[in-house]
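Enquirer: Sequence and computational prediction follow.
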There are 6 protein chains.
Amino acid sequence: MATFGLIEYEQASPEVRAVYDDIMATRQTGWVNNFWKAIAHDPAALRRTWLSVKEIMAPGALDALTKEMVYLAVSASNQCGYCIASHTAAARKAGMNEAMFAELMAVAGMANETNRLASGYQVEIDERFAPE
Amino acid sequence: MATFGLIEYEQASPEVRAVYDDIMATRQTGWVNNFWKAIAHDPAALRRTWLSVKEIMAPGALDALTKEMVYLAVSASNQCGYCIASHTAAARKAGMNEAMFAELMAVAGMANETNRLASGYQVEIDERFAPE
Amino acid sequence: MATFGLIEYEQASPEVRAVYDDIMATRQTGWVNNFWKAIAHDPAALRRTWLSVKEIMAPGALDALTKEMVYLAVSASNQCGYCIASHTAAARKAGMNEAMFAELMAVAGMANETNRLASGYQVEIDERFAPE
Amino acid sequence: MATFGLIEYEQASPEVRAVYDDIMATRQTGWVNNFWKAIAHDPAALRRTWLSVKEIMAPGALDALTKEMVYLAVSASNQCGYCIASHTAAARKAGMNEAMFAELMAVAGMANETNRLASGYQVEIDERFAPE
Amino acid sequence: MATFGLIEYEQASPEVRAVYDDIMATRQTGWVNNFWKAIAHDPAALRRTWLSVKEIMAPGALDALTKEMVYLAVSASNQCGYCIASHTAAARKAGMNEAMFAELMAVAGMANETNRLASGYQVEIDERFAPE
Amino acid sequence: MATFGLIEYEQASPEVRAVYDDIMATRQTGWVNNFWKAIAHDPAALRRTWLSVKEIMAPGALDALTKEMVYLAVSASNQCGYCIASHTAAARKAGMNEAMFAELMAVAGMANETNRLASGYQVEIDERFAPE
């Protein structure tokens, strides 16, 4: 259970319900996951975080599946159990199959390895890579 | 300069040169970036790391551009200066434009925020998200 | 259970008991939490860590509540489950209410987001921000 | 220089200028720091991030100084060079003196140490700490 | 259970079984731990990761026990629950006793503290420490 | 330069000088590195941190070289530029040669990779690994 409990739809204020409704409508689903019910204790944070997620995850220069996979790769890199579980589900819903998941994890794992090798060896940035 | 200096092609052993040659051939380019010249002090690590990167980053279930962007998002999340510079260059070469970069950073940034909210609020994983 | 088990007061050496006694006296409580019982396998580490925590967390230029909240924000940022649980309890005991917790998490979450945006965009430090 | 360069006020679109104006008005200052000029390449990200920062950092249940110090502690914990520099300046402007900075770092440093001890020793959460 | 379930020896393909056999032969043990059974969904990743681990963890300039302890210290620093558990077991099997574990955790914890103090205080690298 | 400047021996208080003297005597060297000169603004932190480092890094169940290498591996994993530079120097002084450094980085890099694979695949801890 979350720190201050979860706020279910039935007990939610109209302000919180409006966000829950928008989450379900945007995702075309009939339920709201625990993350939102936990931060609903702070209605301003709920609204602000949801509107940011909604705007950022909408298809744009990158499609929805790519965005979900990037979210999952970063969450795996940060080792956030909740986020790995929820974004694995979201990415699969968006079309990620088992082969794509495996390659995604391989890239995320490799990046974590070479990030440390580059830092540990104190590698200087090549002039060609310097931002112009 | 890297911890033990960079190993340039001219001074490299045949074993190291063979890896440098494969890096340039695979990337269709005429130079090798500092990362490889730094870890070349350990020829086994050079070979092993390059073969892993080559295998992982080859197009498969995910295309090369998506993989480069995931690599960049994880590197930005880990705040590895060298890796951000080198993989921004690689992703741009693979087709990432400015709008795609901006959306990629937005997703990576948002994931970092919500990862901590989920952990800080001690949110329990929804039963629906549990791996089957 | 901790790696090598927990050392309860009854089985503890006089050296370990002295630290447990000081923890309970300082915190004006009648029990010791698992963290200390786990590292008590290394009495030197137990004493050293406790004396550091005691000195650092005592009110000084910052009051005790602010310190507990900073400890919690860092623990949430690091995603340490045990530490989030124990320091949420400590901060609440020191006076943190639900609204303060929510704002604390919002700041910690936002910092995690903008930290990665600053790194990912390779933003140079403004001259005005350079330490004098 | 940032990845795609910095967008100065003079070259900025009206949409970007409006955010810059609000940053300067809110902070009662006559300049905008590089972070905003870098992400201004993505006007939606600029607006969204600024509005979130503005809302989150406004005094509420926590005062502005406490919020700036928490932001700095998390940035130091994440080792973001740019963010440490900018938020040290912001916290000092909000009233943080040298003694407060030193205690803030001490708490952040200690949290980072005990976070790893708790994880490394695999310490179980005390029942008393479980969220009710 | 892992995201896509665990692949047991009985259901494994000959390619996967060959890796399982090599793991058991190399470790002189009769079982394979869950990590390998989880990534076995991606036989290429299984083979590549195992061959890297096998090569890296073999005694060389550093002995096997030192390598296992470094692996554990990094895993504790990264707060990876699975890896802490599995590498604590591996390090103990390689000869790590309770006193060595305690000192290992003390060093890892201290490094995490001073890493943040160095970053937070924006300490410049001494000229004497610069790589030649 | 550090946030509030470095405190050189000549300008230091007797309390700070006593710590500097102990650092130089313990390390059998004639100078003090910037880290200590930076945190000397907080004499209590200077004393406390130095005494902890001195106690933790002294040979015990683990020898001095192993401890320095673990410190370096964790610092590389955390990507702390200052700490990587200073502890590379310290480890070399304690006897680490180039081959040992390379294997150390290989282990640290591999741990960072598999830590994320274990988390991303949501691998459950094997019963055999559970702390007894």
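Expert: Looks like it arrived, so ask away. Numbering: from 1, shown residues only, chains lettered A, B, ... in the order given.

Enquirer: can you pull out the helices in chain A?
Expert: A:14-27, A:34-39, A:43-57, A:64-78, A:81-93, A:98-120 (DSSP state H).

Enquirer: Which neighbouring elements make contact with the fourth one?
Expert: Judged by 3 or more CB pairs under 8 Å, 6 or more residues apart in numbering or on different chains; DSSP states H and E, the packing partners of helix A:64-78 are helix A:43-57, helix A:81-93, helix A:98-120, helix B:64-78, helix B:98-120, helix F:98-120. In this view, the C-beta of every residue, glycine as well, is placed from N, C-alpha and C.

Enquirer: Can I get that helix in PDB? Just the C-alpha atoms.
Expert: Written as PDB, here are the backbone C-alpha positions of helix A:64-78 (Å, rounded to 0.1, in the frame of the first residue of the first chain):
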ATOM      1  CA  ALA A  64       3.800   6.000 -29.000                       C
ATOM      2  CA  LEU A  65       5.600   2.600 -29.000                       C
ATOM      3  CA  THR A  66       9.100   4.100 -29.200                       C
ATOM      4  CA  LYS A  67       8.200   6.400 -26.400                       C
ATOM      5  CA  GLU A  68       6.900   3.600 -24.200                       C
ATOM      6  CA  MET A  69      10.100   1.600 -24.900                       C
ATOM      7  CA  VAL A  70      12.300   4.500 -24.000                       C
ATOM      8  CA  TYR A  71      10.400   5.000 -20.800                       C
ATOM      9  CA  LEU A  72      10.800   1.300 -20.000                       C
ATOM     10  CA  ALA A  73      14.500   1.400 -20.800                       C
ATOM     11  CA  VAL A  74      15.100   4.400 -18.500                       C
ATOM     12  CA  SER A  75      13.000   2.800 -15.700                       C
ATOM     13  CA  ALA A  76      15.000  -0.500 -16.000                       C
ATOM     14  CA  SER A  77      18.200   1.500 -15.900                       C
ATOM     15  CA  ASN A  78      17.000   3.300 -12.700                       C
END
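
Enquirer: Distance from the chain centre to it, please.
Expert: On the basis of CA atoms, centre = their mean, to the nearest Å, helix A:64-78 sits 6 Å off its chain's mean C-alpha point.

Enquirer: how near is A:Trp36 to chain B?
Expert: According to CB to the nearest CB, to the nearest Å, A:Trp36 and chain B sit 9 Å apart.

Enquirer: tally of neighbours for that residue?
Expert: 19 (other CB atoms under 10 Å in any protein chain shown).

Enquirer: List the residues that contact it.
Expert: A:19-20, A:23, A:46, A:50 (CB atoms under 8 Å, 6 or more residues apart in numbering or on different chains).

Enquirer: need the residues of chain A near chain C, please.
Expert: Within chain A, the positions lying close to chain C (CB under 8 Å from any CB of the partner chain) are A:3-4, A:39, A:41-42, A:45, A:49, A:78-80, A:131.

Enquirer: Find the nearest non-adjacent residue to A:Arg47, please.
Expert: A:Val19 (5.6 Å; CB to CB, 6 or more residues apart in numbering or on different chains).

Enquirer: Does that neighbour touch A:Trp50 like I think?
Expert: Yes: counting by CB atoms under 8 Å, A:Val19 touches A:Trp50, with 5.3 Å between them.

Enquirer: who has more neighbours, those two?
Expert: Counted by other CB under 10 Å, A:Val19 and A:Trp50 do not tie: A:Val19 has more neighbours, with 22 against 19.

Enquirer: For the residue in chain A positioned nearest to chain C, give its distance to C:Ala99.
Expert: Proximity of chain A to chain C (CB to the nearest CB) peaks at A:Asp42, 3.5 Å away. Distance of A:Asp42 to C:Ala99, given as CB to CB, to the nearest Å: 8 Å.
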